[in-house]
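Enquirer: have a look at this prediction, sequence included:
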Amino acid sequence: EADIYQTPRYLVIGTGKKITLECSQTMGHDKMYWYQQDPGMELHLIHYSYGVNSTEKGDLSSESTVSRIRTEHFPLTLESARPSHTSQYLCASSEYRGSSGTQYFGPGTRLLVL
Amino acid sequence: AQKITQTQPGMFVQEKEAVTLDCTYDTSDQSYGLFWYKQPSSGEMIFLIYQGSYDEQNATEGRYSLNFQKARKSANLVISASQLGDSAMYFCAMRETPTGNQFYFGTGTSLTVIP
């Protein structure tokens, strides 16, 4: 059973606001990921991390930023939200080695920017 | 080239029947992993089943089985005895090496189970 949490689950916010999407996992996984997904569409990797103080941009260009100060915590920040940021954001984590590398996902945050 | 191809945008199946969701992959690595995830309308991604490239037996998890045909580079998901709760999007994914930094996801197949 995967233990990965995301808050908030739903967020409606006005253009220009700064937002932080929280993601925490209690499995001690080294690797964490952020994906962006429009309804019914494929997932796009926007950020990932191998471990503390390690962050990389993914395939999809994103105006968001991430940090990894603690193993269990991988927040995503949008400095100035725009309607084009409206989407679902999924956080995931996996073990780095010695396993299948299965990614386990949080419940997601649905963001609506007005 | 697409790493993961799911050619069925939508599928319908009668309740209690079996259904196969297709997935083909593209890799030149010898070591890779294949995964299936379920995404209900609530949005969360639920891990269903994993197949390693060196596994000789097809993976099974309850009503889910993965039909792994290495030479054809296919990893189809078979759901037996479909239930109404199986209605969801299903995503096939691949990790290329044990230290691969990302997954490759397919575009998904929407499955509807008809009562």
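Expert: Thanks, I have the structure now.

Enquirer: all strands for chain B, in order.
Expert: B:4-5, B:10-14, B:19-21, B:24-25, B:33-39, B:46-52, B:60-61, B:64-69, B:74-79, B:88-95, B:104-105, B:109-114 (DSSP state E).

Enquirer: mean pLDDT for those strands: which is lowest?
Expert: Looking at the strands of chain B, the lowest mean pLDDT belongs to strand B:104-105 (a mean of 92).

Enquirer: name the surrounding residues that touch it.
Expert: Outside strand B:104-105, the residues that touch it by CB atoms under 8 Å, 6 or more residues apart in numbering or on different chains are A:42-43, B:3-4, B:25, B:91-96. Every C-beta, even on glycine, is put in place using the N, C-alpha and C of the backbone.

Enquirer: circling back to that earlier point, dump the strands of chain B to TSV, plus mean neighbour count.
Expert: As requested, the strands of chain B are arranged in TSV below (neighbours: other CB atoms under 10 Å in any protein chain shown):
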stretch	mean neighbour count
strand B:4-5	20
strand B:10-14	13
strand B:19-21	19
strand B:24-25	20
strand B:33-39	24
strand B:46-52	19
strand B:60-61	12
strand B:64-69	18
strand B:74-79	22
strand B:88-95	24
strand B:104-105	22
strand B:109-114	17
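
Enquirer: the ones you listed: which one's closest to residue A:109?
Expert: Nearest to residue A:109 among the strands of chain B is strand B:33-39 (14.7 Å), distances taken as CB to CB.

Enquirer: which other helices and strands contact the closest one?
Expert: With contacts defined as 3 or more CB pairs under 8 Å, 6 or more residues apart in numbering or on different chains; DSSP states H and E, strand B:33-39 has these neighbours: strand B:46-52, strand B:64-69, strand B:74-79, strand B:88-95.

Enquirer: pairing partners for it, with directions?
Expert: strand B:46-52 (antiparallel), strand B:88-95 (antiparallel) (DSSP bridges).

Enquirer: and residue A:80, which of the strands of chain B is closest to it?
Expert: strand B:104-105 (28.5 Å).

Enquirer: now do the SS call for residue A:42.
Expert: Here residue A:42 is coil, with the state taken from DSSP: H, G, I helix; E, B strand; the rest coil.

Enquirer: now the residue of chain B at minimum distance from chain A, nearest residue through space, not along the chain?
Expert: Going by CB to the nearest CB, chain A is nearest to residue B:45 of chain B, at 3.9 Å. Leaving aside its chain neighbours, residue B:45 sits nearest to residue A:105 (3.9 Å; criterion: CB to CB, 6 or more residues apart in numbering or on different chains).
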